[in-house]
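[1] Mind folding the following:
(chains A and B)
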Amino acid sequence: MNQEDLKEIAEKQKEANAPFEHNIHVCVAASCLSSHSDQVMTALDQEVKKRGLEQCCKVKGVGCMGLCAAGPLVSSGNNEKMFQNVTAMDAAAIVDNVVDEKPAPAAIVLDSKLPFFRGQKKIVLENCGEIDPEKIEDYIAVGGYEALFHALTSMTPAQVIEQISKSGLRGRGGAGFPTGLKWSTVAKAPGTKGKYVICNADEGDPGAFMDRSVLESDPHRILEGMAIAAYAVGANKGYIYCRAEYPLAVKRLKDAIKQAEKLGVLGNEVCDTRFSFRVEVRLGAGAFVCGEETALIASIEGNRGTPRPRPPFPAQSGLWGTPTLINNVETFANIAPIVRNGGDWFAGIGTEKSKGTKVFALAGRVTNTGLIEVPMGVSLREIVYKLGGGIPDGRKFKAVQTGGPSGGCIPEQYLDMAVDYESLASVGSIMGSGGMIVMDDSSCMVDVAKYFMDFCMSESCGKCVPCRVGTAHMYDLLAKITNGTASQEDLAMLERIAEVVKFTSLCGLGQTSPNPVFSTLRYFRDEYLNHIERKSCGAGVCSQPKAAGVGA
Amino acid sequence: MQGFQAKASPPSDDRRWKIVEGAMRRHGHESSSLIEVLHTVQETFGFLTDDALRYVAVALRVPYSKVYGVATFYHFFSLKPPGEHTCVVCTGTACYIKGAQSLLNAVDEIAGIKAGETTKDGKLSLLTARCLGACGLAPAIVYDGEVGGKATADSVKERVRTYMQSETVATGVGA
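    This next block holds a predicted model:
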């Protein structure tokens, strides 16, 4: 396999795609599949065959198109036409519309000019909804693996790292550590017993599904990013630590690895160079703490996923004591475009300190729930009201929760704030992996804090006392507040314990677990006081003695 | 090396152990493959029996205490047999905000079980998942491995009722 072979495959695939006058794309990512998009695809296929249109109309399964709430989604003509809530029965109408320009039933027409689609800038998701995730040739046809070839044949590892540093890319897993700096630390570390590259695909944040969509829609992009990283830091072996809860992503990754090894873009002597790189998928088993890098490493080694104190950082001593590079799925997905277009190109997007784009999983009480990718620096208002289409059912916006259990709730007064790492931190939240849950006035903020504390309490690995005992104690106090038996002393106690847990826990899980409490107390203190003093829950969520008519 | 491993023999002559043995072989009986092997056991048998844990411990040369520790640490592993049907209610943030609790209540109302429990007749297990990543479909519920989106308490009750009724018809066992 050399660069010519790659070009040939790309040309061949493009030629194979060319004769088709019409293309029909059906989303086959998990969300749409669960609403039977596979049946839709079969029905469309049959319809096309029935009319003898096989030569001019091609039906293709593609990755996530983003607007999951309206799934199953079908698109045609470079997404100019889009269809929503499609069933197998709509196949004839869709073919009529695509091939014969007959009007489609209003119920299934989706306006492709919606701000939801127009307001995005896609780098990570550029192939999602475009290529068949199960075919490596489709990925190669859109320029896949070119960046890897380019890096291997005309760049030194140092030059690769230089471009990544120049790009200003920061880790998309949540903490936002500069990726170039991490890579150069691993590259510099002496690795006499080898080095490893790990892709963190243990997306445990409740309310986040960016990584799942990327893995299911464009698995080769991750493999290419990992291979480039391995070349840059001097590793020959990689692991993808993926949640067992994402069976489709696991299957597509495993298939992608097989295809890539067969073509010689992974494995021994990658692309006819002296560089070798093998990748293995390791399954997570449902432990949130395994998103923490040292816990993740322990889990790959076959142990309970408990973190250990850092330093030494994994960059120096990680998997089996060797230097290890751990990056998140979305971080790896950004690598190939950066190598292809140069670090300066990437640095030209986003804000001064937060470069590039960010994928968000927009969910909760918002009209358009789904996956979006926007440049860093876009305002929350734009995301919620323009792309998200605002709050449904005539309800009133209350807060956006970002960053999952480690994050916080952002109230209305900050809606015009630019979304980047620093500004989110300045209002007491974090970027996190990109979950964004919109809440309206039907949510009780004390109850939300209790929900996250329940999560942290049961996900605490139990190794350190502040986290194990502190989260349980905080949960009990929050439960007391919500059921109307708490006093002012309890509130004071809650705040005290939160401080202790924050400053004395061993790993990120414990250190950040009080964040939902801090941020709700900061902006919604009156709700806490309402529960304590008047024994009532304004949103009618909590079972308060006085609140009448509380239901589900 | 080979001789050493031959000592560990499966707890029964159930042919499905071949699948587990295959998984161990693929990983060269490395102790680091413990979690992968437990996944295979659970996938094959539905849950982890004590016999299975002891067998895996010997075969991978890992202390039983560690195997037990790992199996109980991770939520994905279950040491109890699942019911004939399973309902997994997603309790991720998006689903929580959109009423996952009412789905749990709905199952409890019809089948009389809470999260983590199985009905006495072994017909239905109710489980919760931290987040299925199907937030666009919130609230989401998985019936026997099939994801159902935008669930309501009524749709859940209907499904659970069919599960509970199928029992009476199928086995003819009176209450």
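
[2] show me the contacts for residue 96.
    Reading this off chain A. Applying C-beta atoms under 8 Å, 6 or more residues apart in numbering or on different chains, we find residue A:96 in contact with A:102, A:104. Any C-beta I mention is one placed from the backbone N, CA and C, and that applies to glycine too.

[3] looking at chain B here, not the other one
    By C-beta under 8 Å, 6+ apart, the contact list for residue B:96 reads A:206, A:451.

[4] ok, now how distant is it from residue A:341?
    40 Å (C-beta to C-beta, to the nearest Å).

[5] what does residue B:73 give?
    Taking C-beta to C-beta, one finds residue B:73 at 43 Å from residue A:341.

[6] And the two? Which one has more around it.
    residue B:73 (21 against 15; other C-beta atoms under 10 Å in any protein chain shown).

[7] got the end-to-end distance for stretch A:24-37?
    By C-alpha to C-alpha, to the nearest Å, the extent of stretch A:24-37 from end to end equals 13 Å.

[8] What is the distance between the stretch of helix or strand residue B:59 belongs to and the centre of its chain?
    Per DSSP states H and E: residue B:59 is located in helix B:50-60. Centre-to-centre, helix B:50-60 and its host chain are 19 Å apart (C-alpha atoms, centre = their mean, to the nearest Å).

[9] Chain B contacts on the stretch 351-500 of chain A?
    A:361, A:363-365, A:369-371, A:401, A:404, A:435, A:437, A:439, A:443, A:448, A:451-452, A:455, A:459, A:461 (C-beta under 8 Å from any C-beta of the partner chain).

[10] Emit the ChimeraX select command for whichever of the residues you listed are buried.
    Buried residues among these (16 or more other C-beta atoms under 10 Å in any protein chain shown), as a ChimeraX selection:
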select /A:361,363,364,365,369,370,371,401,404,435,437,439,443,448,451,452,455,459,461
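
[11] Residue B:148 is in contact with residue A:36, isn't it?
    No: here residue B:148 lies out of contact with residue A:36, judged by C-beta atoms under 8 Å, at a distance of 10.7 Å.

[12] so what's the nearest residue to residue A:208 once chain neighbours are set aside bridging to?
    Using C-beta to C-beta, 6 or more residues apart in numbering or on different chains and skipping residues adjacent in sequence, the residue nearest residue A:208 is residue A:435, 3.5 Å away. For residue A:435, the beta-bridge partners are residue A:361 (DSSP bridges).

[13] gap between residue A:435 and residue A:46?
    Counting by C-beta to C-beta, the separation of residue A:435 from residue A:46 is 39 Å.

[14] go on, residue A:128?
    26 Å.

[15] for residue B:166, same thing?
    Here residue B:166 is placed at a distance of 32 Å from residue A:46 (C-beta to C-beta).

[16] secondary structure class for the residue in chain B positioned nearest to chain A?
    Minimum separation of chain B from chain A (C-beta to the nearest C-beta) falls at residue B:136, amounting to 2.6 Å. Put simply, residue B:136 is helix when judged by DSSP: H, G, I helix; E, B strand; the rest coil.

[17] and the helix or strand harbouring residue A:532, is it in reach of chain B?
    Element membership of residue A:532, judged by DSSP H and E, is helix A:515-533. No: with C-beta under 8 Å from any C-beta as the criterion, chain B is not reached by helix A:515-533; the gap is at least 10.2 Å.

[18] Can you name every helix or strand that that helix contacts?
    If contacts are counted by 3 or more C-beta pairs under 8 Å, 6 or more residues apart in numbering or on different chains; DSSP states H and E, helix A:515-533 sits against strand A:397-402, strand A:408-411, helix A:445-459, helix A:465-482, helix A:488-504.

[19] Need those in a markdown table (columns: mean pLDDT).
    Below are the helices and strands packed on helix A:515-533 laid out as a markdown table (pLDDT from 0 to 100):
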| stretch | mean pLDDT |
| --- | --- |
| strand A:397-402 | 96 |
| strand A:408-411 | 95 |
| helix A:445-459 | 95 |
| helix A:465-482 | 97 |
| helix A:488-504 | 98 |
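
[20] Now do the buried residues in stretch A:191-206.
    A:191, A:195-206.

[21] Please apply the same query to stretch A:269-278.
    Buried residues in stretch A:269-278, counted by 16+ other C-beta under 10 Å: A:270-271, A:275, A:277.

[22] which two in the residues you listed are spaced the farthest apart?
    Greatest spacing in the buried residues of stretch A:269-278, by C-beta to C-beta: A:271 and A:277 (10.2 Å).

[23] check which helix or strand covers the closest residue to chain B within the stretch 351-500 of chain A.
    Residue of the stretch 351-500 of chain A nearest chain B, by C-beta to the nearest C-beta: residue A:363 (3.6 Å). Using DSSP H and E, residue A:363 falls within strand A:357-364.

[24] Can you verify residue A:240 is assigned to a helix?
    No: counting by three-state DSSP, residue A:240 is not found in a helix; it is strand.

[25] and the closest residue to it other than its chain neighbours, bridged to which residues?
    With sequence-adjacent residues excluded and distances taken as C-beta to C-beta, 6+ apart, residue A:240 is closest to residue A:199, at 4.4 Å. Beta bridges link residue A:199 to residue A:240, residue A:327 when assigned by DSSP bridges.

[26] Residue A:199 contacts residue A:330, correct?
    No: shown here, residue A:199 and residue A:330 do not form a contact pair, counting by C-beta under 8 Å, at 10.2 Å.

[27] in chain A, which ranges drop under the pLDDT threshold?
    A:544-552 (pLDDT under 70).

[28] Pick out the residue nearest the middle of it.
    The centroid of chain A falls nearest to residue A:210 when counting by C-alpha atoms, centre = their mean (2.3 Å).

[29] And the helices in chain B?
    Per DSSP state H, chain B carries helices over the ranges B:2-6, B:17-26, B:34-45, B:50-60, B:64-73, B:93-97, B:100-111, B:153-171.

[30] what's the average pLDDT for the fifth one?
    Per-residue confidence for helix B:64-73 averages out to 97 on the pLDDT scale.

[31] Contacts for it, please.
    Applying C-beta under 8 Å, 6+ apart, the contact partners of helix B:64-73 are A:287, A:302-305, A:461, B:34-35, B:38, B:48, B:53-54, B:56-57, B:60, B:77, B:79.

[32] which regions of chain B lie under the pLDDT threshold?
    B:1-7, B:167-175.

[33] Next, the buried residues of stretch A:301-308.
    Neighbour-count burial for stretch A:301-308 [16+ other C-beta under 10 Å]: A:301-307.

[34] Max pairwise distance over those: which two?
    Largest pairwise distance in the buried residues of stretch A:301-308, by C-beta to C-beta, is 16.0 Å, between A:302 and A:307.

[35] Looking at chain A, which residue is nearest chain B?
    residue A:68 (2.6 Å).

[36] What ranges does chain A have for its strands?
    A:22-27, A:57-62, A:74-76, A:81-83, A:109-110, A:196-201, A:237-242, A:278-283, A:324-328, A:357-364, A:370-375, A:397-402, A:408-411, A:435-440 (DSSP state E).

[37] before we move on, the earlier item: could you check which of residue A:128 and residue A:46 is surrounded by more residues?
    Set residue A:128 next to residue A:46 and count neighbours by other C-beta under 10 Å: residue A:128 wins out with 26 against 14.

[38] rewinding a little: I'd like the strands of chain A written out as CSV, with distance to residue A:521 added.
    Formatted as CSV, the strands of chain A follow (distance: least, C-beta to C-beta, whole Å):
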stretch, distance to residue A:521
strand A:22-27, 41
strand A:57-62, 45
strand A:74-76, 45
strand A:81-83, 43
strand A:109-110, 41
strand A:196-201, 31
strand A:237-242, 35
strand A:278-283, 38
strand A:324-328, 30
strand A:357-364, 21
strand A:370-375, 29
strand A:397-402, 13
strand A:408-411, 10
strand A:435-440, 16
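
[39] Nothing else from me, thank you.
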